[in-house]
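Enquirer: coords below, sequence missing:
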Ligand SMILES: Nc1ncnc2c1ncn2[C@@H]1O[C@H](COP(=O)(O)OP(=O)(O)OP(=O)(O)O)[C@@H](O)[C@H]1O
Ligand SMILES: [Mg+2]
């Protein structure tokens, strides 16, 4: 069968597998229908699609979610020390009895299902809308599928500076289950929010977050994606940034058979700042893909992409990162670095860095490197008495630290470092 | 203390012989200096002793107090008390000097079956040594050698030596790139460590350092061999006349 026909057939299957929710407000029903239409037009993702060349999406669109064993927790939960509004999901379903009361000063928050049944004006500008903007020029069919079907998640409108972070804690219970979660976040002018996400969510997870950051607002995002080895995850975060706004996102991925994290960031106003960073640690049956697209659609904005991947025992890391600078976006400052550290010859780091620039007064740089542990550094450390294994660990942690440094909050960064050290130490037992 | 006999070394990667039968013995408490033209094999000798990979020992032995050095890992040599101050100290982004020093001290203690040093004692020790070498606290918190000036890097080597308290210290051109004051600091650092049961092998091109650290023996290395040994006056001769006469006389 030719590829295109297969893509459309599969899209139809995916849409049939889970009913599009009914009984929602007219605007939500329209947003769902538009998402269905988008997916039907694009077709399901396929290995031969340009942006799935390095990552076979087959497991993400297979009829059944795989059974995934649970890693017994032997370290303290990530970020649990900070004072936060904890909202727990079990297998992707919000568990109010395990969560804090859904209320926080400085913002309006309600479960997505509820929001989509009411006529909330702000959400209609965001839900499915940012995802739709992010489909051009690169198709993101799994995100459209999520918009069409998700009933879980939260709608959050932030009106002030919120000091207490919101933490989505994604726990797993069932061995084999799909979780489909969709959040919409709107930060009003000068509002500020930190969003923490932790956990694997489900044996197969689809998570989409749309974030609309108004002028002068700040959005900080830190997440870890659990430690379960065989889990599959597709996530996409779509952000639209207003004038002088800030967007910072960091992701730690340790383990997981297949992870595809997409981040689509658009500067819609001048003088915005966006930092997207990630550190991943893979051992064995591990395929991790960061696909980033930053569009400079306004002048004087600064974007940074910093991605570090440590790979061993045949693990595969993928980085596809693009900076698009439209002609209006003069004085853009764009930076991108992606680096793979291969701890053996079986592992692979595949990259596709792209710059597309239509403005003439811009400063854009990108770099990508891939290599083994530096023998000279290793000798320096061992010559001081540090055993080779421990010296390697130090260098691995040093390697990923450039990405960790992108986390603004020192406490959250320390937690991430602790988890990195834990992962590294466990490999040497 | 250190005994090197008939050491022959070639590069693993290419067919190139660098050391062609080095003989050298340093007694406890002694300071030996090695001088010699560029490319004669001084750094190679120090690397081979410290355990760097990439060299093949084709003949000869090296022992520290009778224990074979060449068959063990670099970290084991360090735990035995061997220390090399690098000619080109390595920059390691992402690992702070403090973490490095603490890990090194405790790794060596562990390897020797000693108890780890507690955090407070360690901090006190490092602060005190750093102060005498004019290394400020900020430098300790910075990543290893990253952005350090040439002289700062060399002082950092001596700090590591002072904290680790090795018994056999090899200094590879620690005087290069130092200003007059830094040179004095480094020399004082070395002299402070001089002891009955500690020896030094100082590789240098200049008499300057030897004005401060008086060697017991001076060796001249040329083309992978020690071609002449003598007292401190040998260094003065090199300073005045270069290597020409010495090399001619042994040829
Ligand atoms: N890894 C290597 N690959 C190729 N050649 C090497 C390597 N290591 C050393 N050599 C060569 O071996 C010789 C000895 O080098 P070495 O660095 O030991 O000299 P040195 O006496 O320390 O010189 P200097 O006084 O300039 O520091 C030189 O010719 C050098 O180029
Ligand atoms: Mg040298």
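Expert: Perfect, I can see it now. This one's a predicted model, so the numbers in the text were calculated from it and none came from an experiment. Ligands and ions are numbered 1, 2, ... in the order given.

Enquirer: what mean pLDDT does the strand or helix carrying residue B:235 have?
Expert: Secondary structure from DSSP states H and E places residue B:235 in helix B:233-241. Averaged across helix B:233-241, the pLDDT comes to 88.

Enquirer: low-confidence stretches in the chain?
Expert: Looking at chain A here, since you left the chain open. A:1, A:429 (pLDDT under 70).

Enquirer: let me rephrase: I mean chain B.
Expert: Ranges of chain B meeting pLDDT under 70: B:251.

Enquirer: show me where it has its helices.
Expert: Assigned by DSSP state H, chain B shows helices spanning B:42-50, B:74-80, B:97-111, B:119-132, B:137-141, B:150-164, B:180-193, B:207-212, B:233-241, B:244-250.

Enquirer: what does the stretch 151-251 of chain B put close to chain A?
Expert: Counting by Cβ under 8 Å from any Cβ of the partner chain, the stretch 151-251 of chain B comes close to chain A at B:160, B:164. Placement of C-beta: from N, CA and C, glycine included.

Enquirer: about what we covered before: which residues does the helix holding residue B:235 contact?
Expert: Contacts to helix B:233-241, defined as Cβ atoms under 8 Å, 6 or more residues apart in numbering or on different chains, come from residues B:33, B:35, B:206-207, B:210, B:215, B:218, B:220, B:228, B:245-246.

Enquirer: in chain B, which residue sits closest to chain A?
Expert: Relative to chain A, the nearest point of chain B is residue B:94 (2.6 Å; Cβ to the nearest Cβ).

Enquirer: can you map out the helices along the stretch 51-200 of chain A?
Expert: A:58-61, A:112-115, A:121-124, A:129-133, A:141-149 (DSSP state H, counting those that start in this stretch).

Enquirer: buried ones in the first one, by neighbour count?
Expert: If I follow you right, that is helix A:58-61. For helix A:58-61, a neighbour-count test (16 or more other Cβ atoms under 10 Å in any protein chain shown) marks A:59-61 as buried.

Enquirer: reformat the helices of the stretch 51-200 of chain A as CSV; add distance to ligand 2.
Expert: CSV is the format used below for these (distance: least, Cβ to the ion, whole Å):
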stretch, distance to ligand 2
helix A:58-61, 55
helix A:112-115, 66
helix A:121-124, 68
helix A:129-133, 59
helix A:141-149, 57
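
Enquirer: please identify the most buried of those helices.
Expert: Highest mean neighbour count among these (mean count of other Cβ atoms under 10 Å in any protein chain shown): helix A:141-149, with a mean of 26.

Enquirer: confirm that residue A:421 sits in a strand.
Expert: No - judged by DSSP: H, G, I helix; E, B strand; the rest coil, residue A:421 forms no part of a strand; its state is helix.

Enquirer: residues near it, how many?
Expert: Counted with other Cβ atoms under 10 Å in any protein chain shown, the neighbours of residue A:421 add up to 15.

Enquirer: for it, what are its contacts?
Expert: Contacts of residue A:421 (Cβ under 8 Å, 6+ apart): A:393, A:397.

Enquirer: distance of it relative to residue A:254?
Expert: 11 Å (Cβ to Cβ, to the nearest Å).

Enquirer: please name the nearest non-neighbouring residue to residue 115.
Expert: In the absence of a named chain, chain A is used. Distance criterion Cβ to Cβ, 6 or more residues apart in numbering or on different chains; nearest residue to residue A:115, sequence neighbours excluded, is residue A:155 at 3.6 Å.

Enquirer: actually, chain B is the one I wanted.
Expert: Per Cβ to Cβ, 6+ apart, closest to residue B:115 is residue B:109, 6.6 Å.
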